[in-house]
Each structure stands twice: as C-alpha cells, then as structure tokens.
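S.K.: build me a model:
(chains A and B)
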Protein chains: 2
Amino acid sequence: MGKSWATSGREGGGAWSVDLHLDAAGTGGRSGVRKRLTDALREAVRGGRLAPGTRLPSSRTLAADLGVARNTVADAYADLVAEGWLTARQGSGTRVASRDVPRPAKAARPPRTSGAPLHNLMPGTPDVTSFPRAEWLKAARRALAAAPDDAFGYGDPRGRVELRAALASYLSRARGVRADPERIVVVPGFMHGLTLLGELLVARGLRRIAVESYGLDLHWDRLDRTGLRTEPLGVDDLGTRTDGLAGHRALLLTPAHQFPMGKPLHPDRRAEAVDWARHVDGLILEDDYDGEFRYDRQPVGALQGLDPERVVYLGTASKSLAPGLRLAWMVLPAALASEVAELKFAAGASNGVLDQLALAEFLTSGAYDRHVRSARLRYRRRRDQLVAAVADAAPEVQVSGIAAGLHAVLRLPPGTEESVVRAASWQRLGLQGLSRFRHPAAAVPPEDGLVVGYGTPADHTWPATLAALCRVLP
Amino acid sequence: MGKSWATSGREGGGAWSVDLHLDAAGTGGRSGVRKRLTDALREAVRGGRLAPGTRLPSSRTLAADLGVARNTVADAYADLVAEGWLTARQGSGTRVASRDVPRPAKAARPPRTSGAPLHNLMPGTPDVTSFPRAEWLKAARRALAAAPDDAFGYGDPRGRVELRAALASYLSRARGVRADPERIVVVPGFMHGLTLLGELLVARGLRRIAVESYGLDLHWDRLDRTGLRTEPLGVDDLGTRTDGLAGHRALLLTPAHQFPMGKPLHPDRRAEAVDWARHVDGLILEDDYDGEFRYDRQPVGALQGLDPERVVYLGTASKSLAPGLRLAWMVLPAALASEVAELKFAAGASNGVLDQLALAEFLTSGAYDRHVRSARLRYRRRRDQLVAAVADAAPEVQVSGIAAGLHAVLRLPPGTEESVVRAASWQRLGLQGLSRFRHPAAAVPPEDGLVVGYGTPADHTWPATLAALCRVLP
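M.R.: Okay, here's the model as predicted:
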C-alpha cells in the first residue's frame, strides 16, 4: 500500500500557497526518494491534479515539509523541467507547464443548446440584470464588519436574529404581517419552506391539502413528495372558492395576487378561509411571492394579519431582489415556530450567515425599500407597455388580473393557446401557456391563455421581446 | 371589510423610502378621509408597524400615492404630531416619535443563560474569531463584480459551475479526490448532503446503513429519519472492522481521521471497504470533515480516489473556514450525480450564489490555501500545547489519535469520565465525554474519555481554557 506525503504547512502564508498530495510508496535511499518524488509529481501533473500554471513550493520549503534533503527536491524539479512537465523561470519560480490538459472548468460548462430562447418571457424571475450589486456590496461590507464572532458558528436554525428582527419590522410595515422575530424562520427559498411545512403537516397526520385550481406544479409535486395529496378548490369571480374546504385541514393560497391568474382573493373569501381554519383547527399557507409589487392604489395586506395563529406567511427575496440569493422567510404561528425550526435543523439546510446579515442591513438601511420602489416603477412601466402593445396588436387578447407583480395572464381566443405557444417556440420566444398551470384534478374548464413574465427580460431586450410577443399573438 | 391603502411608489429612490400599509375602510368626504388616515397612521404607530424614528413620506408624496388631497395628509400628520405620535422637525421631515415601544430586535435576543460556558472546548467548530473577514470581503467583491447576470437567477441545482470547477481542482490537488465539476454538488452543509444521500439510498430500497462504533448522533438521527437504520461496525487497532459489512450495501465512514477517535483507517481496511462496495454494488459515504488539518507528514488521501464510482466524497468549509458559511460539497459517482441533483432541487435548499462565487474566488486566488496553512499552524501549536499540558498535569491521561484536526481524544482512567465531565460543568467548561459519541448499539465496550475541541476557543482565551481543562483532569 502506498503511503502519502503532503506538505505540512510550515509557512503561514509565504510565497507559495498550494497543498500537494503525493503518493510516494516505500522507503529507500536518497535516489529512491528522488525517483518516487519525481514520479509522484509527474503523475500529479499528468492526471491534472496539478493544473497548468500552478506554482510549486520552493525546493527548500517542500524539502522541509517532506523531511527530505533540499537537493532531492531540486533534482526532482530539474528532472521534470527537463521532461517538459514543469517550467522554471527567474522570478516566477517553478510552475506546472502549460499543456493541453482538459480543464475542468471548461468541461463543466453545459453546451449551449441552439434552442435557447432569444427572448425570455418565462414567469417566475425578476430582471436579474437589475440586481443592485453596488448597494448589496455596501450592505455586505457593513454587515461583515459588524458581525459578532459567533455569527460564524453554527447558529440558530431559525436564522440570524438581526435578519429576523429586520424582517419583522419590514413585514409589519409593508405587508401588514403580524410578525415577531421569535416566530420567523429564514429558509433558503420558498420551496424549502414548503417542504418543511409539508413535513410538519404529515407529522400531524394530514394526508391531503387543498390548493388553488391554478398554481405551480413544482409546489404540488413537492407537497406530494412529502406525503400530501393536493386537491384543487373551485374558482369563481371572487377568486378561489372556500366551499370545497370541508374535510380539509390545510390550504395553500396566494391571496394577495393569485398565481398565475393575477387577482386578489375577495375579502369575503379571505374571511371565510380564516373562519374555516379556526373551525377545523386548520392551517393556511400564504404564499406572498410578489407582495411588494402593486401598481394600483389598493394593495391587499397579508392574510396572516387576520389570524397569525392560523396562517403561515411565506415571503421571498426571489422576486424583489434575485432568486440567486436563496433568501426566503416564514412567519409562523407561535405554536409551530419551534417545531418548524427543529425540522429545518434536521434537514440541515440553512442560509449562509453573510447573506442573512447583508439582507438585514439592506432592509434596515432603507436600501431594500429604495430598490423595490425603483423596480416597481420599471415593472409598472413594462406592464403598461404590455397592455398597450397587446391592445394594439391583438384586440381580441385580454390582459387580465390587477396591475401588480411580474407577470400577466393574456386571455386568448378559445382553441388558440397551443398554436400560439408553438409559434413562440419556433421564434425562440420563451413563454408558457396557461394550461400548464391548471391542476390536473381541477374541476374548472380549461381556458386558453399565456402567462407572460414581463419582469424577466433585461431592460435593453424588453422592447424587442415585447415585439416578439406581439408577433405570435392571434 | 376594510380596503387597504399603500403608497404606490411613484418615486424611484427619493427622500423617503418606506412602504406603508394602512387599513382605512369605507368612503366619505374629505374630513372622513382625514379621520381614517389619522386613525390608520396612529394604529400603525401604536401597534409598532411604524417603528420609532421611521421617516414618513412627504405629505405631497403620500397624497399623490393615496390619491387624496395634499392638505388631507398634512392635516393628518399635524393631528398626530399634536397627539405626540409623530414629530416634525425642519430638515428631518416627519418621523415616528421615539417612545418606549418594545423593539423586536431586542425581544429576539435569547436571554443569556447564567450557565453559558466560560471556556469552550466543545468539538465541531473551528476558532470562528479567526475567520478571514478582510480576505473574504475581497473575494466577495471580486466575485460580485465578475458574476454574470444569470448567476442571480435560479441556477443549476448542483451549484455554480465556477465553484464546482474550483473545488474539482482543489480537491484533486489537496485531497487526492478524483473530481470533475459535473459530479460535484454544492450543498448548504454536510447534514443536508447526508439527508439527500439518505433519501437516495431509501429510494433504492435500502433500509440499513453501516456506521462506525463512534460518531455523531446527529448523523445517525438524520439517517434514521430518512428511513435508514444505522448499524455500527466493530473496531480494533486497525480502525473500523470490515467483517461486519456482510449484508450491508451502504457505509458511512470517516477514513482520513476517524471522528472522534482520531485515527486514520488502516490501508488494508480501506482496500477491504472498497472491495466490499464493488462486490455488493454498495456505496461508501466518505465524511472528510477535517482533511485539511494534518500536522504530521503522512496525510491520507481521500478514500474516494480508490474508486470514485463506489465512494461519495463529502467535504465542508465548516472546519476550514466557518460553519456560518453553510458551504459543503459532495463528489458523486457519475451514475448518481444527476439523481442527487434532482433530490436537491426537490428539497429546495441551495446556497446563495454570492457565497458560492466568493468561495470559488477564494479557492482560485490562493487565499484558501493561505488561510488553511495559517490555521493549520495555529491549531498544530494548540495541539502541541495540549499534549504538553496534559502530560504535565495528568500523567495518567493519554492524548490519543494522530496529530490532526481540531479535536483530540483524552483517554481517562476507567470510571472517571462522568465525574470529570461533571466537574467541567461546575466550572462552566464546555466539554464532551467520549461516551456520548458511542453508538447505542455498538458492540465495543465503553471507554472513558473526553473529546476536546481545542480548535474552538479564540486565541486570547486558549491559555485560560487549557488551564481550566487541566484543573478538571484526574
């Protein structure tokens, strides 16, 4: 069996900074050591473990670390320079020669598919080119400087207290949530929150959950995987119907801005849902995915404000800032907060502390409000332009739903959705038909439509994207 | 039912930056509007939704946003200033008055328990005071500047390609891992990786997994929750025994540095484990939690290098940098990579992209190697001091295991562990006995010992902590 050698790190940050792991089996005299070291280094270069351009430690340092004579290392280096594996230049030390070794970084990039969309109106993502990099960096710098040492340890599974306090204040102020840092759990994305809540409900013996007739199959699949069958409620002019809740004890809802239909739940229905939850000891999961983005004058506060003990509020930075941050949060009934925190701890998935502290700083400094306000203006303008362009290009197509969010539903003449989606695909316009958001068990008849994520494109591509959309409308 | 009002964000980042959510039900003339607005604002302040010091929008802006006359807002503000809820000062606008409202931030801090340890030798955490803040910020700044826009979207569930490429190169070089970015999955902590692997094994029909006689109950619990019963193998002078593997198809192992016992697995056993896995189509989960920290000259390369199709390599930044980063990684057999990525996607837990890109930059710039090297020096010195101090203070106590890692096992005279742990607790010295790391079903007889996390204390507390340890030794 081979023994292993590696540099043992005698220098605290000197001229070289590379760890080696060399297999050099057996023992022997100096010439034996030299040969084994040479072989091991060669193998490391050949196999790609030492990448081209990597600077090797000085012969003195490596010799000290390996406990061999300096000349042995110098000789091994000289051999490999002679063989072309290494290069030695005055002032730049000994390095691995540049050769045509396949680079892992390049191998990893997925091949560009020729079918990638030219124009992207897929719903669910904000304009990521508008991520406020400079402001975020400022917040991150301040947060990193101010962070107590214990922030770098294993922390509270609910998330950092600084962020939970900032969220409590913000959500109360901006969304009418009755929040308290003790009841907030920060999660790496809405989907993980949904997973934890699904586990919680299953642990309480539930096997079914009511959902809306239209929604995201990703969410239904996730609940299904945790052991909850999703059963769609009906829908009418007031929004999701509550008369189908009999026999249920859990409900997933987008009350402020139904996804994807785009209407708020009628106040009567909100009250009925909460009454139902009180009556049956039930739980409402409120998905407030885009609550920040209202362009008219009557935003609907969080349903959670009506009964914080019956509603779990779920919010996210994925629409207001960027999905890549993986920052989302839940405001939980007091009775459930510690149980959900335990489930989260068990699943072992938490947000990095630096992002948490940066978001806390972003919120308390007012940078979040400023960013949301500016994004709101831009998206509102886009929505106005969408409405005008569609009215112009396709008078038979209706833009439905309230002026809010990052997407709109375009109602198409009956029987045209499939051909429009196909035409979009031919033109490499990323777009989704309404039918794919309809729950397979929904009782409502299918309607033809498009779910247009007008928030997705970059500003400079927006006009061309809108024009491409208009071209495929009937 | 109440309608809701909120400011609609006409300004793109002006003098005020606060969203309001005001319940102001009903309609009526100007005096009715003024009263409802006043009531709503008062309620928002009283209930804490508007925190003391919060700056309100100008009356002009709020009036425009609410679609009411400017005087109506000015009057409402004036009323509330008169009542003491708001303050108005030249140059600083209208603000919520500072009163003794309970601040969420303060309410959230857990009360300091009088029993919190004065000295902390709990294993599992590095010295978090040594987190390289300035270097990390530099990497984060560079990463944020260089990040492509699409990094801010929903990304590859395996993690950013930049990080996977940097890890492939580093792990190959430093740990002898046969890595390829395509097979790497970045996870928010080892525990989440273990969860995903547990789900994978259960999906393949496994219901049991072999583990070491000593380990972490957190890991056993987690596997148990996914549906895998953990069954401990025996142990002898060569390390974990492989003769108990018959009938098993999965094995969790710490081959480089057994946790907590501190010895590497004997080469024969490594080979036997891999042979077993090949023979039974089994899988080894290699927990390489502290592979960077070796202080002698013969580090053991990753077991994964022996057979990348039979061994899942699991590494983490929790020991080398900080647990708070929540950065860990798996190198998977080709046949499993996409399946694990799908499980990860379904669980909805990913790392924030900025931490991923910062670590990639940290690795490729050499900052990671420099940090590890410097940390290694410091921990090595601590270990040497621990060995010397224990030899001096308690000659009957043996420091066992190789010179590596962030913890050491102190073998105690038979029958003394419980009283030593109790004495430590009295002196508020955080410390764990060896017995709590013994699997409940382990066949090996219990041994008395301590697991001393000498990596945990801050540098300036280390001498006092070491002295406190020596005082409780028998």
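S.K.: residues contacting the closest residue to A:D268 other than its chain neighbours?
M.R.: Using CB to CB, 6 or more residues apart in numbering or on different chains and skipping the chain neighbours, the partner closest in space to A:D268 is A:L238 (6.5 Å). Where C-beta positions appear, they are placed from N, C-alpha and C, glycine not excepted. A:L238 makes contacts with A:L265, A:H266, A:D268, A:R269, as judged by CB atoms under 8 Å, 6 or more residues apart in numbering or on different chains.
S.K.: make sure A:R383 is actually in contact with A:A408.
M.R.: Yes - here A:R383 lies in contact with A:A408, judged by CB atoms under 8 Å, at a distance of 6.4 Å.
S.K.: more neighbours: which of the two?
M.R.: Higher neighbour count among A:R383 and A:A408: A:A408, with 27 against 23, using other CB atoms under 10 Å in any protein chain shown.
S.K.: check contacts around that one.
M.R.: A:G262, A:R383, A:L386, A:V387, A:V399, A:S400, A:G401, A:V451, A:V452, A:Y454.
S.K.: okay, now the closest residue to chain B within the stretch 201-350 of chain A: neighbour count?
M.R.: Proximity to chain B, evaluated over the stretch 201-350 of chain A using CB to the nearest CB, is greatest for A:G348 at 2.6 Å. Using other CB under 10 Å, A:G348 has 24 other residues around it.
S.K.: apart from its chain neighbours, what residue comes closest to it?
M.R.: B:M191 is the one closest to A:G348 (CB to CB, 6+ apart), at 2.6 Å.
S.K.: quick check: pLDDT value at that neighbour.
M.R.: pLDDT, B:M191: 96.
S.K.: please apply the same query to the one 3 residues further on.
M.R.: Residue-level confidence at B:L194 comes out at 97, pLDDT.
S.K.: measure it to B:A389 for me?
M.R.: To B:A389, B:L194 is 35 Å away according to CB to CB, to the nearest Å.
S.K.: looking at these two, which is more packed in?
M.R.: More crowded of B:L194 and B:A389, by other CB under 10 Å: B:L194, with 24 against 17.
S.K.: helix or strand for the more buried one, just tell me which one.
M.R.: Counting by DSSP states H and E, the element that carries B:L194 is helix B:190-203.
S.K.: and that helix, what does it pack against?
M.R.: helix A:334-347, strand B:184-187, helix B:217-226, strand B:283-287, strand B:311-316, strand B:328-331, helix B:334-347 (3 or more CB pairs under 8 Å, 6 or more residues apart in numbering or on different chains; DSSP states H and E).
S.K.: change it to 7 Å
M.R.: Contact here means 3 or more CB pairs under 7 Å, 6 or more residues apart in numbering or on different chains; DSSP states H and E; on that basis helix B:190-203 packs against helix B:217-226, strand B:311-316, strand B:328-331, helix B:334-347.
S.K.: what are the buried residues along that helix?
M.R.: Applying a neighbour-count criterion of 16 or more other CB atoms under 10 Å in any protein chain shown, one finds B:F190, B:M191, B:H192, B:G193, B:L194, B:T195, B:L196, B:L197, B:G198, B:E199, B:L200, B:L201 buried in helix B:190-203.
S.K.: from what I see, the second one and A:A346 are in contact.
M.R.: No - the pair B:M191 and A:A346 does not pass the contact test of CB atoms under 7 Å, sitting 8.1 Å apart.
S.K.: now the common contact residues for these two.
M.R.: B:R222 (CB atoms under 7 Å, 6 or more residues apart in numbering or on different chains).
S.K.: quick revisit: list the residues that contact the residue nearest to A:G348.
M.R.: A:G348, B:L218, B:R222.
S.K.: thought B:G198 was touching the first one, still the case?
M.R.: No - using CB under 7 Å, A:G348 is not in contact with B:G198; the gap is 10.5 Å.
S.K.: now for those two: what residues contact both?
M.R.: Joint contacts of A:G348 and B:G198 (CB under 7 Å, 6+ apart) are B:R222.
S.K.: number of nearby residues for the closest residue to A:R34 other than its chain neighbours?
M.R.: What sits nearest to A:R34 in space, not counting adjacent residues and going by CB to CB, 6+ apart, is A:T72, at 4.9 Å. Neighbour count for A:T72, taken as other CB under 10 Å: 22.
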